[in-house]
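J.: with the input below, show me the fold.
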Amino acid sequence: MPEPIHAEVTVPLRADDAFTRFTRHLDRWWPRDYTWSKDVLEEIGMERREGGLCFERGPHGFRCDWGRILEWKPPGHLVFTWQIGPHREPVPDPERASIVHVTFAESAEGDSTHVVLQHTLFERHGEGAEAYREALASAHGWPFILECYANSV
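T.: From the prediction side, this is the model:
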């Protein structure tokens, strides 16, 4: 069974602002090269509620849903499915999705927030799950994505 991925970053924002930046403003920080639409991406976002979709929109009505919000507890906790398969294809079956947990812990001074991401249940992706996990754990995976997030603030 593949081990979970653990990545973290500290941002100079209060927890509520860090949570909002992460969930409401993905288009400001998510790397376009990590989307299906790339340079023609029109929107990437999350429907900000439990049961909401994680989605991407491109030109001419293109839409791809790549996850679903399982827990929505601002400003401290977010859990969503990762419905992108090992070959970067959308996976509509939530039983074949891994899970991403994100926590936002504000410093005692209130001047920064420690963001911790844990990506679990890679075995649900089936064949190729271990290599997929290794790719997302690499410097070009979640650590890079969280660095983009941190650099956006």
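
J.: residue most distant from the centroid, the protein?
T.: Glu109 (26.8 Å; C-alpha atoms, centre = their mean).

J.: which SS state does that one fall under?
T.: coil (DSSP: H, G, I helix; E, B strand; the rest coil).

J.: let me see the contact set for it.
T.: For Glu109, the contact set (C-beta atoms under 8 Å, 6 or more residues apart in numbering) is empty. All C-beta spots, glycine's among them, are computed from the backbone N, C-alpha and C.

J.: tell me how far it lies from Arg14.
T.: Distance, Glu109 to Arg14, using C-beta to C-beta, to the nearest Å: 10 Å.

J.: got it, and Leu146?
T.: Leu146 is 18 Å from Arg14, by C-beta to C-beta.

J.: Gly45 contacts Asp27, correct?
T.: Yes - assessed by C-beta atoms under 8 Å, Gly45 is found in contact with Asp27 at 6.8 Å.

J.: circling back to that earlier point, neighbour count: Leu146 and Arg14, which is higher?
T.: Leu146 (20 against 17; other C-beta atoms under 10 Å).

J.: what helix or strand is the more buried one located in?
T.: helix 142-152 (DSSP states H and E).

J.: quick check: Val79 touching Ile99?
T.: Yes - Val79 is in contact with Ile99 according to C-beta under 8 Å; the separation is 6.4 Å.

J.: overlap in contacts, these two.
T.: Contacts common to Val79 and Ile99, judged by C-beta under 8 Å, 6+ apart, are Leu70.

J.: now Trp36. Nearest residue, chain neighbours left out?
T.: Closest residue to Trp36 apart from its sequence neighbours, by C-beta to C-beta, 6 or more residues apart in numbering: Cys64 at 5.6 Å.

J.: count of residues packed around the one you found?
T.: Neighbour tally, Cys64, other C-beta under 10 Å: 17.

J.: same thing with Arg28?
T.: Arg28: 12 surrounding residues under other C-beta under 10 Å.

J.: correct me, but it touches Asn151?
T.: No - here Arg28 lies out of contact with Asn151, judged by C-beta under 8 Å, at a distance of 10.4 Å.

J.: picking up where we left off before, from Thr20, how far off is the residue nearest to Trp36?
T.: Separation of Cys64 from Thr20 (C-beta to C-beta): 24 Å.

J.: where in the chain is pLDDT low?
T.: Applying pLDDT under 70 to the chain flags no residue at all.
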